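**Student:** test case, fold it:
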Amino acid sequence: MNAPGVITEPQPVKISALMQFRQSWFYRFILFPLGQILLFILGATVVLTIAVYLIAYILPPPNSRVFVPDAIGRQLASWIINGVSIGFLYAMIALGYTMVYGVLKFINFAHAEIFMVGGIVGYEVTMRLNEAGILADMNPALMVTFMVLTAMLISGTLAVIVERVAYRPLRRAPRLVPLITAIGLSFILQDVVRATMQITRAQFDLVYPTKNIAVYTTPIRFTIGENPVSVRPTFVLIIIAAIIMLVALNYFVNGTKWGRAIRAVSQDQTMSGLLGVNVNQLIALTFFIGGALGGAAGALFGLNTGSVNAYMGVTPGLKAFIAAVLGGIGNLTGALLGGLTIGLIESYLNGFLFFYDSIGLGFRWTDVFVFLVLILMLLFRPSGILGEKVDEKV
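**Tutor:** Numbering: from 1, shown residues only. Sure, this is the predicted structure:
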């Protein structure tokens, strides 16, 4: 016991090594988000695998020569890899939707065409490299990096121009007005790109020259147990590129001054402006980041499918919007999880329904079931997997 009137110095609080590690930059911005992604993928694949096996045992076999559960076991690894790669693409597009919604509270439906422009830019980059005679000998990682960065720069700049010309004058208008404007912009961008490609290339479907290069088309083969697995190299490139960009986005939003400013603007634009935040600059930055992610997804999508056109953004853009709603519109983590969910469901359905094509239940029904998932989610949990991101104002 201390003597009366004697003031002792406070003892320093001891922080355990585990707490120090959890507060470190590496854990908060790299290890923790990667762990979240991995755990979600594992959980989703377990649930979907159990579901397809149960359905395979319940449904009558399509024919006597195919035992569906055995066929599922042989193809399961490919389904998972395909679903993860497609899911990351949807997540990158969905993040553009959800970032704009988080700041301006409206859906930028022209974002699908920003994605399309990224695919066209990726084609132009690969074609120019091919015409220069260096594409075939160029390191694939270096080529993809150059292609993706170029697509991000041009698509992000286009998104900023769209915000400045079409959305900023309507910022105080009723929400329906910018929504209609976004739909109109979609048609304008589609037709402008179509006309430009027709004039410059005289083609509608633009085929990536990488389709003729073995390093991008020769499958990577390995064995899991007794089951051979074949994976397209572009799937691996998509997964690596997407993880790098998503981790960088997480750090930017949660660990930088600009990210904190964007979150402040999304909570209250008026108060942020009074506190010295340049609201217009931050909104333009948000559009640039969302557009850059969409452009990167478009370039990677084109590299994977091998061809692009002016209308390629419609279906992926719609599915990415579903992913944003499924995860919780306005929630960045929700957009990521929603994209992975849609990608995995689509991959599992494409593979599973193929067995039942002879009875009229083929993979053409995949989109029907994907939309059915969205309807069920809206009925039973309208706020999405993680809930809509709503900031409390004090």
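**Student:** can we go C-alpha only for contacts and neighbour counts from here?
**Tutor:** Will do.
**Student:** what's in contact with the worst-scoring helix or strand of the chain on mean pLDDT?
**Tutor:** Least confident element among the helices and strands of the chain, by mean pLDDT, DSSP states H and E: helix 17-22 (a mean of 73). Under the contact criterion C-alpha atoms under 8 Å, 6 or more residues apart in numbering, helix 17-22 has outside partners 27-28.
**Student:** which helices and strands does whichever helix or strand comes after that helix pack with?
**Tutor:** Next in sequence after helix 17-22, counting helices and strands by DSSP states H and E, comes helix 25-26. The criterion is 3 or more C-alpha pairs under 8 Å, 6 or more residues apart in numbering; DSSP states H and E, and there are no helices or strands that helix 25-26 contacts.
**Student:** and helix 25-26, how far out from the chain's middle?
**Tutor:** Chain-centre distance of helix 25-26: 23 Å, with C-alpha atoms, centre = their mean, to the nearest Å.
**Student:** A17: how many residues sit nearby?
**Tutor:** Applying other C-alpha atoms under 10 Å, we find 9 residues neighbouring A17.
**Student:** now swap in P140 and tell me
**Tutor:** 16.
**Student:** show me the contacts for A242.
**Tutor:** By C-alpha under 8 Å, 6+ apart, the contact list for A242 reads 88-89, 92.
**Student:** tell me which element it is part of?
**Tutor:** Here A242, judged by DSSP H and E, is contained in helix 233-255.
**Student:** now the element after that helix, going C-ward?
**Tutor:** Helices and strands here follow DSSP H and E; after helix 233-255, the next one along the chain is helix 257-267.
**Student:** and that following helix, what does it pack onto?
**Tutor:** Packing partners of helix 257-267 (3+ C-alpha pairs under 8 Å, 6+ apart): helix 68-104, helix 233-255, helix 279-305.
**Student:** show residues contacting it.
**Tutor:** For helix 257-267, the surrounding residues in contact (C-alpha under 8 Å, 6+ apart) are 102-104, 252-254, 272, 277, 279, 282-283, 286, 391-393.
**Student:** among those residues, which two are most distant?
**Tutor:** Between any two of those, the greatest separation by C-alpha to C-alpha is 22.8 Å, found for F252 and K393.
**Student:** so for the two, which sits in the more crowded spot?
**Tutor:** Between F252 and K393, F252 has the larger neighbour count (other C-alpha under 10 Å), namely 15 against 6.
**Student:** measure the more buried one to F21 for me?
**Tutor:** Note on F252: its distance to F21, by C-alpha to C-alpha, to the nearest Å, is 20 Å.
**Student:** quick one, what contacts Q75?
**Tutor:** Taking C-alpha under 8 Å, 6+ apart, we find Q75 in contact with 227, 229, 351.
**Student:** right, and the second one touches I80 too?
**Tutor:** No. Look at V229 against I80 with C-alpha atoms under 8 Å: they stay out of range, at 11.0 Å.
**Student:** right, I'll call it a day here.
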